[in-house]
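[1] give me a 3D structure for the following:
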Amino acid sequence: MKEDFRSVEFAPGKSLSIETGRIAKQADGAVVVRMGDTMVLCTAVSAKEPNPGQSFFPLTVDLRESFSAGGKFPGGFIKREGRPNDKEIISSRLIDRSLRPLFPDGYRCDTQIICSVLSSDGEHNGDVLGGVGASAALHISDVPFAGPIAEVRVGRIDGEFVINPTISEMENSDIDMVIGGTAESVLMMEGEMEEISEKEMLDAIKEAHKAIKKLCAFQEELREEFGKPKREFVPDPVDEDLETRVHELADEKIREVVSTGLGKEDYGDKLDEVKEAVVNELTEQEEYAEEGGTIKEILSKIEKEELRKLILEKNRRIDGRSPEDIRDIWTQVGYLARTHGSAIFTRGETQALVSVTLGTKQDAQAIDTLLTEEDKTFFLHYNFPNYSVGEAGFMRGPGRREIGHGHLAERSISKLMPSFDEFGYVIRVISDITESNGSSSMASVCGGSMALMDAGVPLKKPVAGIAMGMIVGDDKSVVLSDIRGEEDFMGDMDFKTAGSRDGITACQMDMKVSGISYEKLEEALEQAREGRMHILGKMEESISEPSEHISEFAPQFINMEIDADEIGSVIGPGGKVIQTLQKETDTEIWVEEDEERNKGKITITADALSKAEEAKKRIEGIVGHLEEGATYHGTVKAIKDYGAFVEIVPGKDGLLHVSEINHSHVKNVSDVLSVGDEIDVKLLKIEHGNKLRLSRKALLSKEDEE
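    Next up is the predicted model:
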């Protein structure tokens, strides 16, 4: 094969190049995509024959980022990349979702796409380059694929859309969306934004699609020059006689079940009865004895056809709803007794039980990836146990779906979360899906928003999410609000939006067909907005603004500032002073230097506010901020004939004169006090800048003394 680079300017000031024929020549297709100094190797391999009995398309997409690409070592003890991190998983899912709809129906050959970030300049993100490269590798290969597709990131800086903005540019962007599609239409999008309107989102999609068209045309040029002839793929022949028999036995019965308006459990039970009866009747016949699997596939197609007809012809859904209707919603906050905040959000047969945990700075999650090193202070974890859909199975760690759903819910809420400087807590939200029939990620957004407000987190505005669907017919398309599981399975679109009353904060869309018009997308966005307003209203019946109080079980904290040159006094030689402070006050203390302001920022946390206040008072004493008339808890350090020296803060001793020990006369100090005693004393006076006069009797009544 030839080897060469080809370049294209796909947006103003934005170019990328693709090389093929040099690297990974034994793959069915391989390209290296380059933008700036970021280079991504994308390979495509597909088996020539399917596995016997394979009933689904086994596509695997992996994007991996090697630390060596940026000249870095992995953090931690093991200096080798391990399991994919969340960013790699999310990026892999984005590529998968754009590619999957374009493989032919019935294709069952093992197919693997690997995108390896080989070089990173720290400015150009490899995720969207991987999407372009994966498509290009498939397009020039012999693998049957109805591409090409392309992926781009769209941002908005100072009101202007920017395609594939750099990492630095993204810091000033109020939109971060990845959009994938063909030259004809958009297939996939996902992103977060700062409460933008539906019109602004549509404008961003249109701008992204301009660049996608150019990248698709560029791949067509690559195929003309470097492409292999596509291998022949013929789907398994359909037994028309068997198909006719199944339709004769099942059509009317399935139509009746579909149109009865049943809930998930009843619908599933009655449909299973019909399907089982048809399978049993036909497999008893010798000619169809081994065709049970094929019969079930035909029955699923009949169900799908009948569901679509019901909506397209009668504008009615499985459970009797109209396209715009949202299922019944009930909510509750404060359900869990000892968590710092909790909520139940139930919509139809989907339920999320959400809890919030407030932590201290030491609970922050250290993130070490190719592009970022940070301490993450807000995260949302999503769990989908088998019982939520009435099944039994092994309890394993979160899969790609769980990570993807949790990421979407997290970014839906994150734009309206207070900063760490504003609130000071590390926040973990856990959404456990206890029932599922419809979008559980959007239920997690609603439940998460409510649980955060229940915990007293100053969320700027409540956030809700809704899942939309669409059925595309020959001469009519119907947009569905709040889709349930069966509608997701047989529909042509899954479109989720989340946001406040003032705008969208996150979105996710997957199209199963091409050719959706912008007018229909605009209709779906407006219908989603109306649904979101309805759901927010239902949520507000339980809680509408953050609680004024933090849970008594949450850690308490105090922030304070000192001059930068006083930090050393607080920490002490080898950390001795701060360690003593933490031990004696039962607190945790963090000290950070703010070089720009020449200040030291101190955070004190404890399980009781009184402990944190005591630590603050002692720190103020260490740096010379002692207050005359204040009470201090000190330790007797030395006994003299004329009194005792009491350390009231680390490194600061004061004289407790014998006349200030008791109201009654004290002949010998050692009769009353011993070295190591802990006592409360009042600071009477600070003399000559550093001499401290203390009193014990000022805090004692004569009755206390006796």
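[2] going along the chain, name the strands of the stretch 201-350 of the chain.
    For the stretch 201-350 of the chain, the strands defined by DSSP state E, counting those that start in this stretch cover 329-333, 341-347, 350-359.
[3] just send those back as a markdown table, with mean pLDDT, mean neighbour count and distance to Asp37 too.
    (Glycine included, C-beta is placed from N, CA and C.) Below are those laid out as a markdown table (pLDDT from 0 to 100; neighbours: other Cβ atoms under 10 Å; distance: least, Cβ to Cβ, whole Å):
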| stretch | mean pLDDT | mean neighbour count | distance to Asp37 |
| --- | --- | --- | --- |
| strand 329-333 | 97 | 18 | 50 |
| strand 341-347 | 97 | 26 | 45 |
| strand 350-359 | 96 | 24 | 38 |
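[4] just send those strands back as a markdown table, with distance to Leu129 too.
    Below are the strands of the stretch 201-350 of the chain laid out as a markdown table (distance: least, Cβ to Cβ, whole Å):
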| stretch | distance to Leu129 |
| --- | --- |
| strand 329-333 | 42 |
| strand 341-347 | 38 |
| strand 350-359 | 35 |
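[5] which one of these lies closest to Ser66?
    In terms of Cβ to Cβ, the element of those nearest to Ser66 is strand 350-359, at 31.8 Å.
[6] after that closest one, which helix or strand is next?
    strand 365-368 (DSSP states H and E).
[7] other SSEs contacting the helix or strand harbouring Gly621?
    Per DSSP H and E: Gly621 is located in helix 609-622. Where contact means 3 or more Cβ pairs under 8 Å, 6 or more residues apart in numbering; DSSP states H and E, helix 609-622 is packed against strand 556-563, helix 567-571, helix 576-585, strand 599-606, strand 631-640, strand 643-649.
[8] what about Ser419, how many neighbours?
    9 (other Cβ atoms under 10 Å).
[9] check Val33 too.
    Neighbour tally, Val33, other Cβ under 10 Å: 24.
[10] buried ones in the helix holding Gly621?
    Lys611, Ala612, Glu613, Glu614, Ala615, Lys616, Lys617, Arg618, Ile619, Glu620, Gly621, Ile622 (16 or more other Cβ atoms under 10 Å).
[11] please apply the same query to stretch 470-479.
    Neighbour count says stretch 470-479 has Met470, Ile471, Val472, Ser477, Val478, Val479 buried, by 16+ other Cβ under 10 Å.
[12] okay, now the unreliable bits of this structure?
    The chain contains residues with pLDDT under 70 at 1-4, 515, 689, 704-706.
[13] next one: stretch 613-622 to chain centre, how far?
    Relative to the centre of its chain, stretch 613-622 is centred 39 Å away, using Cα atoms, centre = their mean, to the nearest Å.
[14] what residues does that stretch touch?
    For stretch 613-622, the surrounding residues in contact (Cβ atoms under 8 Å, 6 or more residues apart in numbering) are 558, 560, 562, 566, 569-570, 577, 581-582, 585, 587, 589, 602, 604, 606, 626-627, 630, 632-633, 648-652.
[15] now these: which count as buried?
    558, 560, 562, 566, 569-570, 577, 581-582, 585, 587, 589, 602, 604, 606, 626, 632-633, 648-650, 652.
[16] I'd assumed Arg529 was in contact with Glu198.
    Yes - shown here, Glu198 and Arg529 form a contact pair, counting by Cβ atoms under 8 Å, at 5.8 Å.
[17] rebuild the buried residues of helix 609-622 as CSV, extending it with distance to Ile483.
    Compiled in CSV, the buried residues of helix 609-622 are given as follows (distance: Cβ to Cβ, whole Å):
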residue, distance to Ile483
Lys611, 51
Ala612, 49
Glu613, 52
Glu614, 56
Ala615, 53
Lys616, 53
Lys617, 58
Arg618, 59
Ile619, 56
Glu620, 59
Gly621, 63
Ile622, 61
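[18] most centrally placed residue in the chain?
    His407 (1.9 Å; Cα atoms, centre = their mean).
[19] hang on, that one is in a strand, isn't it?
    No - the assignment for His407 (DSSP: H, G, I helix; E, B strand; the rest coil) gives helix, which keeps it out of a strand.
[20] possible to save the helices and strands packed on helix 609-622 as CSV with distance to Ile114?
    CSV is the format used below for the helices and strands packed on helix 609-622 (distance: least, Cβ to Cβ, whole Å):
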stretch, distance to Ile114
strand 556-563, 46
helix 567-571, 49
helix 576-585, 49
strand 599-606, 44
strand 631-640, 63
strand 643-649, 60
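[21] for Thr20, which of the ones you listed is the nearest?
    Closest among the helices and strands packed on helix 609-622, using Cβ to Cβ: strand 599-606, at 52.7 Å.
[22] which one of the buried residues of helix 609-622 is nearest Gly263?
    Nearest member of the buried residues of helix 609-622 to Gly263, counting by Cβ to Cβ, is Ala612, at 51.4 Å.
[23] I'd assumed Ile589 was in contact with that closest one.
    No - using Cβ under 8 Å, Ala612 is not in contact with Ile589, being 9.2 Å away.
[24] what do these two both touch?
    Shared contacts of Ala612 and Ile589, counting by Cβ under 8 Å, 6+ apart, come down to Ile604, Thr605.
[25] what separates the helix ranked longest in the chain from the chain centre, distance-wise?
    The longest helix of the chain (DSSP state H) is helix 198-226. Put simply, helix 198-226 sits 27 Å off its chain's centre (Cα atoms, centre = their mean).
[26] renumber starting at 17 from here on
    Noted, 17 is the first residue going forward, which turns the last one into helix 214-242.
[27] and that helix, which residues are buried?
    214, 216-217, 220-221, 223-225, 227-232, 234-235, 238-239, 242.
[28] repeat for stretch 95-110
    Pro100, Asn101, Asp102, Lys103, Glu104, Ile105, Ile106, Ser107, Ser108, Arg109, Leu110.
[29] the residue nearest to the second one when sequence neighbours are not counted and Met433: what is the separation?
    Nearest-residue entry for Asn101: Thr385, 5.7 Å, with adjacent residues in sequence omitted and distances by Cβ to Cβ, 6 or more residues apart in numbering. Separation of Thr385 from Met433 (Cβ to Cβ, to the nearest Å): 21 Å.
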